[in-house]
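> Sequence first, then the predicted structure:
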Amino acid sequence: MAAGYTFEPRILGFLCNWCCYAGADLAGVSRFQYPPNIRVIRVMCSGRVDPAHIFRAFSTGLDAVFIGGCHLDDCHYVTHGNYDALSMVYICKKLLEHIGLNPERLILEWVSAGEGIRFASIMNEFVPKIEKLGPLGKDEGLDEQGLKFKLEAVTKLIPYIKLVQSERLKVPVRTEEAYNKFFNSEEFNRLFDELIADKLAESQIMRLLRERPHSISEISEILGLSPHDVSRHLHVSARNLKAGTKAVDNDKIDRIINKHKGKPNSLVQVLLEIQHENHWLPQDVLDRVSKKLDVPISRIRQIVTFHETFRLNPVGSDE
Amino acid sequence: MPRINSAAELEKLRKGILSKKDPNKPSIAICAGMGCLVRDKGRIIAAFEEEIDKKDLKTKVGLRATGCHGFCEKGPMIVIYPEEISYVEVTPKDVPEIVSRTVLGKKVIDRLLYTDPDTGKKATHQSEIPFYKNQMRHLMGNSTKIDPQSIDDYLAVSGYSALSKALLEMSPKEVLEEIKKANLRGRGGGGFPAGRKWETARNAPGKEKYVIVNAHEGELGAFMDRAILSGNPHSVLEGLIIGAYAVGSHQGFIYARHDAPRMKNNIDIAVAKAEEYGFLGENILGSGFDFLVEVHLDIGIFVSGESSALMRSIEGNPPEPRPKYIRTSVKGIWEKPSVLNNVETWANVPLIINKGSEWYTSTGTARSKGTKLVSLSGNIVNTGVAEVPFGTTVREIVYGIGGGIPKGKKLKAVHFGGPMGGSIPESLLDTPLDFDELAKLGAPIGAGSILVLDEDTSMVDVARYFLDFLSNESCGKCVPCREGIRQMLKILTNIREGKGKEGDIELLEEIAEVTGAASLCALGKTAADPLLSTLRYFRDEYETNNESVKSPAEKRE
């Protein structure tokens, strides 16, 4: 490294229009001094910041992300978006930690429009900290390739993670205490491992295998997972893959339906013939039959669950 | 093949087929009924084909896989024409010898003939075998002469002549009267007069009417409908068309089992051929009568053989019965008048039209006319399908045709009608086969399955077995059936395990009564019949079972 080079961290800031952005503005107008490393994006609410934004920032090589919102319970919207920001940041920190990045590279602070001085002092603390941490991945000992791979894996999972956030990681009471308590609890760790960490491992394994064939020991070395976990994930994803694949294509279904002239009362015959071809009836096949024969899916389900002859799972599966 | 448009054309075609058939040409009829086919997995048919190919006899020797010959016990069976030599228990190894010695050399191979176990006498022809000797084979008689996939074979045995007679020489009313005079009763179990059912549907308001063949045959131990429908599907189809003409229906359904692929295949071919020849479609035989048939498959549940459930199934709904304050012959499929008859009933129709009701009523008893197909199974020497005139005593069927009980054991009971029938004890064996006589004894004839039970059988087990079957098959729509069967099964299981309590038998009788009175359909109404009939004749077995853990059967062991 050339002598005299000093590391200047690049930090992305998402600032709420109503509080933190105005606070930063005030800091500037009041001529408070703070390091100029932050690039600001104004958002209408800290709740608007999506995990995708954060991981995109890291993917493009930024060293840290700062999110500034209104104080809790001071949100300008009835939806209290800053609570959403809070839970999102907790999850993202956990994700960063999981892929081996220092979670301190992401911070969330509450700054009101009148707190110009507070904004400046936060920056005065945050920037030297990141400077100390060094460029993204360096301090953590991740090479560029490995970092890129892991960030991509997370980015791909974001829609799923958001779903999990709203379905399973929801805190019932909107108070700071409740949020802190939940996200620091064992329960959250367990849910995270169960719902997100496993999925992430599976998605990474699948990405690796898509590049070229790997042995289980190779995979476990690259991803730092135990071989036992790798084979468990492989087993699960193989099953999901099988369950999701439709063996009879739509053409075949249409041909069978046309043979019966598309009469709704031929439903049972159509289902029997499809099962004869495919050995079982996947949900998307039922959907297609429902659409084509103009029979409500509720009735199809009534019939396929009434008769033991119809199989709703692949033959030999244990469900 | 151009469509046939008149009776004259039909006769001309028939003459053409007959003239092409050389009565002296050797031909081999191989039984491809369920029993024989399963036993040798079709290897004999393949072996014959290969042998005939090898010897280059394709033009000189006819080969046909026919429907069930009936004598399943001794299968696989073959019959060699024109001498009508009958061989039993043939194996593929025998095939070259049969072709060279019997078909070409006209010599009989002794070891393949049927040997009477009692007298040791050999039988060269089917008619000499005691199993066949005591039968009256009106419906099954042609089974060795017909390849079920060939409509020409059926035409050669004067097939579709009844159709042309009914459509061209009789009015629908006359057809109906003839059936009523013949007193044809439904063979599916109820014994309801078919003529009256047809008349109700005919007089019911509305233009659209349906006729249906019930080929569901879910009864345990019943396999005769399968034998007719896969062996001679055109006879059923002909009966159906005649029935439709009498009722005024233009759409028919055949409701068959999904688990008998050969039968389905034969039905499909028969319907396609009948359409091609003009026995189905528009303006049948130039009479102006239109009729179409659709084949539907059931999905392996017992209750879908029940008439209203079956109709729901044809509509594309789950087969759940409905209360029948209004008969299905008035409101059936899509609330339209629908005539549902069993396979055997339909197969009788062409016979009645061809030979007249007088001929038909000359066989049978006062109130049950004609013949009845029965399937013999259980502890009996000759398992198989037999056709006997009504009025034959049960003893004759079991000992004369069935050959008695194997291993010299004593007979304990004869069970009729599967899980919804009843048993009669040895002392009542001289009862004639008759709808009403047997119903009076609490053992309705049902579809005609006869299960023979020897002295080692526990009757409590028999009742328990049937209830166990029904508890799985109940559709669950009405409570008396769903819960009643379960509770009866529970008590019976307790009795069987020696955990019975004082008053259990009375409780059973009470539940049976309520289930019978309150259930929606025949499944629930008759679910307790085997239980009640065994209680009636074998009550001591329940009582001793209640006293000690072991049943008489286990004690003996």
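It's in.
> In contact with residue A:11, which residues are there?
The contact partners of residue A:11, by C-beta atoms under 8 Å, 6 or more residues apart in numbering or on different chains, come to A:37-39, A:62-66, A:126-127, A:130. From N, CA and C alone the C-beta is placed, and that goes for glycine too.
> next one: phi and psi at residue 307?
You didn't say which chain, so I picked chain A. Phi and psi for residue A:307, reported as degrees, to the nearest 10, are phi -90, psi 130.
> Oops, wrong one, chain B.
phi -60, psi -50.
> can you count the residues close to it?
24 (other C-beta atoms under 10 Å in any protein chain shown).
> and the residue nearest to residue B:89 when sequence neighbours are not counted, how far is that from chain A?
Distances taken as C-beta to C-beta, 6 or more residues apart in numbering or on different chains put residue B:74 closest to residue B:89, at 5.6 Å, once the chain neighbours are dropped. Residue B:74 sits 33 Å away from chain A, going by C-beta to the nearest C-beta, to the nearest Å.
> My read is that residue A:77 contacts residue A:45, right?
Yes - the pair residue A:77 and residue A:45 qualifies as a contact (C-beta atoms under 8 Å) at a distance of 6.0 Å.
> Of the contacts of residue A:11, select the buried ones using a ChimeraX command.
The ChimeraX selection below is limited to those of these classed as buried (16 or more other C-beta atoms under 10 Å in any protein chain shown):
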select /A:37,38,62,63,64,65,66,126,127,130
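> re the thing from before, comparing residue A:77 and residue A:45, which residue is more hemmed in?
Neighbours were counted for residue A:77 and for residue A:45 using other C-beta under 10 Å; residue A:45 has more, 22 against 12.
> Now flag whichever of the contacts of residue A:11 is closest to chain B.
Chain B has its nearest neighbour among those in residue A:65, at 56.9 Å by C-beta to the nearest C-beta.
> which ones are touching that closest one?
With C-beta under 8 Å, 6+ apart, residue A:65 has these contacts: A:11-14, A:54, A:57-58, A:105-107.
> If we use 7 Å, what do you get?
Taking C-beta atoms under 7 Å, 6 or more residues apart in numbering or on different chains, we find residue A:65 in contact with A:12, A:54, A:57, A:105-106.
> Just put these in JSON lines and tack on neighbour count.
Output for those, formatted as JSON lines (neighbours: other C-beta atoms under 10 Å in any protein chain shown):
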{"residue": "A:12", "neighbour count": "21"}
{"residue": "A:54", "neighbour count": "26"}
{"residue": "A:57", "neighbour count": "22"}
{"residue": "A:105", "neighbour count": "26"}
{"residue": "A:106", "neighbour count": "19"}
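> Near chain B, list only the ones from these.
Near chain B, taking C-beta under 7 Å from any C-beta of the partner chain as the test, no member of the contacts of residue A:65 is found.
> which among these gets closest to residue B:20?
Among those, residue A:54 lies closest to residue B:20 (C-beta to C-beta), at 86.6 Å.
> And the contacts of the helix or strand hosting the closest one?
Assigned by DSSP states H and E, residue A:54 belongs to helix A:51-59. With C-beta under 7 Å, 6+ apart as the test, helix A:51-59 has contacts from A:12, A:14, A:65, A:88, A:92, A:106, A:136, A:151, A:154-155, A:158, A:161-162.
> mind redoing it with 10 Å?
A:10-12, A:14, A:39, A:41, A:43, A:50, A:62-65, A:67, A:88-89, A:91-93, A:95-96, A:99, A:101, A:105-106, A:136-137, A:147-148, A:150-152, A:154-159, A:161-162, A:165 (C-beta atoms under 10 Å, 6 or more residues apart in numbering or on different chains).
> Which secondary structure element is home to residue B:79?
strand B:78-81.
> Counting by contacts, list what the helix or strand just after that strand packs against.
Remark: after strand B:78-81, the chain's next helix or strand is strand B:85-87, criterion DSSP H and E. Using 3 or more C-beta pairs under 10 Å, 6 or more residues apart in numbering or on different chains; DSSP states H and E, the elements in contact with strand B:85-87 are strand B:27-31, strand B:78-81.
> and the first one, how far out from the chain's middle?
So that's strand B:27-31. For strand B:27-31, the separation from the chain centroid amounts to 22 Å (computed by C-alpha atoms, centre = their mean, to the nearest Å).
> Report the closest residue of the stretch 401-550 of chain B relative to chain A.
Closest point on the stretch 401-550 of chain B to chain A, by C-beta to the nearest C-beta, is residue B:475, at 7.7 Å.
> Just give the number of residues close to that residue.
Per other C-beta under 10 Å, the neighbour tally for residue B:475 reads 22.
> Domain parsing of the chain, as residue ranges.
By default, I'm working from chain A. According to automatic domain parsing, chain A comprises the domains A:11-140, A:157-244, A:250-306.
> hmm, I had chain B in mind actually
Domain assignment for chain B, taken from automatic domain parsing, gives B:21-132, B:159-360, B:371-454, B:459-556.
> just the helices in the stretch 51-200 of chain B please.
For the stretch 51-200 of chain B, the helices defined by DSSP state H, counting those that start in this stretch occupy B:95-97, B:130-133, B:151-156, B:161-169, B:172-182, B:194-203.
> Mind listing residues that contact the first one?
The list of residues contacting helix B:95-97 from outside it, by C-beta under 10 Å, 6+ apart, reads B:28, B:43-52, B:54-55, B:78, B:105, B:109, B:111-112.
> change it to 7 Å
B:44, B:47-48, B:51, B:109.
> Also the last one?
The set of residues external to helix B:194-203 that reach it, using C-beta under 7 Å, 6+ apart, is B:176, B:179-180, B:184-186, B:209, B:243, B:246-248, B:327, B:329-330, B:337-339, B:341, B:345.
> Next: the second one.
For helix B:130-133, the surrounding residues in contact (C-beta under 7 Å, 6+ apart) are B:71, B:116, B:126-127, B:382, B:384, B:401, B:403.
> again, but for the longest one
By C-beta under 7 Å, 6+ apart, the surrounding residues in contact with helix B:172-182 are B:166, B:194-195, B:198-199, B:202, B:242, B:245-246, B:248, B:349, B:352-353, B:357, B:360-361, B:369.
> for it, which positions count as buried?
Residues B:172, B:175-182 are the ones in helix B:172-182 that count as buried (16+ other C-beta under 10 Å).
> how distant is the strand holding residue B:79 from the center of its chain?
Relative to its chain's centre, strand B:78-81 lies at 24 Å (C-alpha atoms, centre = their mean).
> elements contacting that strand?
strand B:27-31 (3 or more C-beta pairs under 7 Å, 6 or more residues apart in numbering or on different chains; DSSP states H and E).
> Identify the residues contacting the strand it packs on?
Contacts for strand B:27-31 (C-beta under 7 Å, 6+ apart): B:44-45, B:48, B:61-66, B:68-69, B:75-81, B:103, B:144.
> Quick one: mean pLDDT for it?
Confidence for strand B:27-31, expressed as mean pLDDT, is 90.
> avg pLDDT for the next helix or strand after that strand?
Per DSSP H and E, the first helix or strand lying C-terminal to strand B:27-31 is helix B:34-40. Mean per-residue pLDDT for helix B:34-40: 80.
> So for helix B:34-40, what gets flagged as buried?
B:34-37, B:39-40.
> Same question for stretch A:185-200.
For stretch A:185-200, a neighbour-count test (16+ other C-beta under 10 Å) marks A:188, A:191-192, A:195-197, A:199-200 as buried.
> how many other residues sit next to residue A:232?
Counted with other C-beta under 10 Å, residue A:232 comes out at 15.
> Near chain B, which residues of chain A? Just list them.
A:264-269, A:272, A:302-303, A:306-309.
> Now for those residues, which sits with the most neighbours around it?
Neighbour counts for the residues of chain A next to chain B (other C-beta under 10 Å) peak at residue A:268, which has 27 neighbours.
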